[in-house]
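Student: My questions are about this predicted structure, shown below with the sequence.
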Amino acid sequence: MSTCVALLGGSFDPVHHGHVALARLFFDLLRPDQLRILPARPWQKAALKASDEDRVAMLELAFRDAGLPVLIDRQEIARGSPTYTVETLRGLRAELGPAASIVFIMGADQLQQLDSWRDWRTLFELANLGVAARPGYTLDQEALPPAVAAALAPRLASAQQVRTAPSGLVCLAHTLAVDISATQVRAALQHGASSAGASSTAEVAPRDAPGNTPQGDVNSLVSRVVLDYIQHHNLYKS
């Protein structure tokens, strides 16, 4: 059987419960041989608030605390400049070879913007996609840009089909209901944290799209070990 590698990319600035929930969802669905977490330098986003070293350290803490075995893939950090997903997937395909199943994980909000990504159609030549619903973002075809809907329609497949195909298929998961954004976490931390937090349902975009987020207790947004790290290293204070 060919190798299956699931890849979750994001700014992780900081990593929060939504990221972990998204990773766990596809870990359980796909049972990949390897789950890679890719701290990104996304071209679509403003400057990162935490250093590369701090983001990696928080990822290691969060996923160890969650009991999910992961490999932190540092290729975008090593590249040292903002990068495109298609370039990252080309590098991963070259590393793993033509037979490996690569599954790039994203949230439904990212799928709705997929036609804005560089060479987005090429993504299907390099990898499969695993897409999770999130509150306010449907996976229904009519909610997608027409070009994206047309590209997806013949590619929809089960988790098992995606796990064994090198590329070109899409697995949709409708079962994730976590609503947290890194923007929300940073705001909670800056405002003293004790009164800012999550609703029971979350934004889980790998690229952390900002938006209107509920307020509440920061402990409901990030794991205790990550919060301890943030406080110990005095991150996100301004």
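Tutor: Arrived safely.

Student: Where do the strands of the chain begin and end?
Tutor: With strands called from DSSP state E, the chain shows them at 4-10, 34-39, 71-72, 101-107, 128-132, 170-173.

Student: closest to residue 80 out of the ones you listed?
Tutor: strand 34-39 (12.7 Å; C-beta to C-beta). Heads up, the C-betas are built off the backbone N, CA and C, glycines and all.

Student: Show me what counts as buried in the closest one.
Tutor: 35-39 (16 or more other C-beta atoms under 10 Å).

Student: go on, stretch 226-238?
Tutor: 226-227, 229-230, 235-236.

Student: would you turn those residues into JSON lines with distance to residue 51?
Tutor: Output for those, formatted as JSON lines (distance: C-beta to C-beta, whole Å):
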{"residue": "226", "distance to residue 51": "15"}
{"residue": "227", "distance to residue 51": "18"}
{"residue": "229", "distance to residue 51": "12"}
{"residue": "230", "distance to residue 51": "12"}
{"residue": "235", "distance to residue 51": "9"}
{"residue": "236", "distance to residue 51": "12"}
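
Student: now the strands of the chain in JSON lines, with mean pLDDT and distance to residue 119?
Tutor: Shown next, in JSON lines, are the strands of the chain (pLDDT from 0 to 100; distance: least, C-beta to C-beta, whole Å):
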{"stretch": "strand 4-10", "mean pLDDT": "96", "distance to residue 119": "16"}
{"stretch": "strand 34-39", "mean pLDDT": "97", "distance to residue 119": "18"}
{"stretch": "strand 71-72", "mean pLDDT": "97", "distance to residue 119": "25"}
{"stretch": "strand 101-107", "mean pLDDT": "96", "distance to residue 119": "14"}
{"stretch": "strand 128-132", "mean pLDDT": "96", "distance to residue 119": "14"}
{"stretch": "strand 170-173", "mean pLDDT": "95", "distance to residue 119": "17"}
